[in-house]
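Undergrad: Take a look and give me a structure for this.
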Amino acid sequence: MKRSIAYCVLAVVMGIMCSCSRPDPAKKDLVRYAEQMMKITPLETKAIGAYQGEVGKNYTSDARLMAVLTKKALPKLEEFRKDLDDIHPMTNEVSGIHRLYTHKTDAYIKAFNVLIAAMRKRDTTMVAEANAYLRQTEAYHVRWESAIRALRAR
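TA: This next block holds a predicted model:
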C-alpha cells in the first residue's frame, strides 16, 4: 500500500497529461493539481505505510501501534493535511476533486485519533468506530479517482 498511493497518483497524472489535448481550463487545472499532489503524496505514503506496518499480520502490541500512531503516522498525516490546505485549484471542478482528498485525509486523522483513544481507554467498541472512518477513506479515494476520470473523459 505504501507505494500504491504514489503509483495511483502517478497513473492519474500520466493519464491527465495524455488526455489534455483540447484547451479546457478545468483539464489544465487538473494537470497543475496532479503535479502539486505528486510533490506532497510521499508524506501521506509514509504516514499510511507506518500505520499499515503495525496492523494485521504485522501487529505485535498495542504499545507499539500506539507509538507508531502518535510519533510517526499521525504527525506525518497532519503535516500532509496542512500541505493539502496550501493547494488552491482554480476551477470548481478541480476544487471539488480536491475536497474529496481532504475529506479522505480528515477521515484518516479521525480514525487514528479514535484508535489512539480506544487503546488508551481499552475500549474495543471504539475500534469499530475507527474502522468505519478507515472505510470512509477508501470510499473517498474511489470517488476522487472517479471524479478525475470523469473530468479527463469530457
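
Undergrad: Would you enumerate the residues in contact with the residue sitting nearest the centre point of the chain?
TA: When Cα atoms, centre = their mean is applied to the chain, the residue found nearest the centroid is Thr105 (4.7 Å). Residues near Thr105 by Cβ atoms under 8 Å, 6 or more residues apart in numbering: 44, 77, 80-81, 84. Where you see a C-beta, it was placed from the backbone N, CA and C, and this is true even at glycine.

Undergrad: now do 10 Å
TA: 44, 47, 77-78, 80-81, 83-84, 137, 140 (Cβ atoms under 10 Å, 6 or more residues apart in numbering).

Undergrad: Counting neighbours, which of those comes out on top?
TA: Neighbour counts for those peak at Ala47, which has 27 neighbours (criterion: other Cβ atoms under 10 Å).

Undergrad: Which element, helix or strand, includes it?
TA: Ala47 belongs to helix 25-52 when assigned by DSSP states H and E.

Undergrad: now the next helix or strand after that helix, how far from the centre of its chain.
TA: Following helix 25-52 in sequence order, the next helix or strand is helix 62-68 (DSSP H and E). How far helix 62-68 lies from its chain's middle: 21 Å, per Cα atoms, centre = their mean, to the nearest Å.
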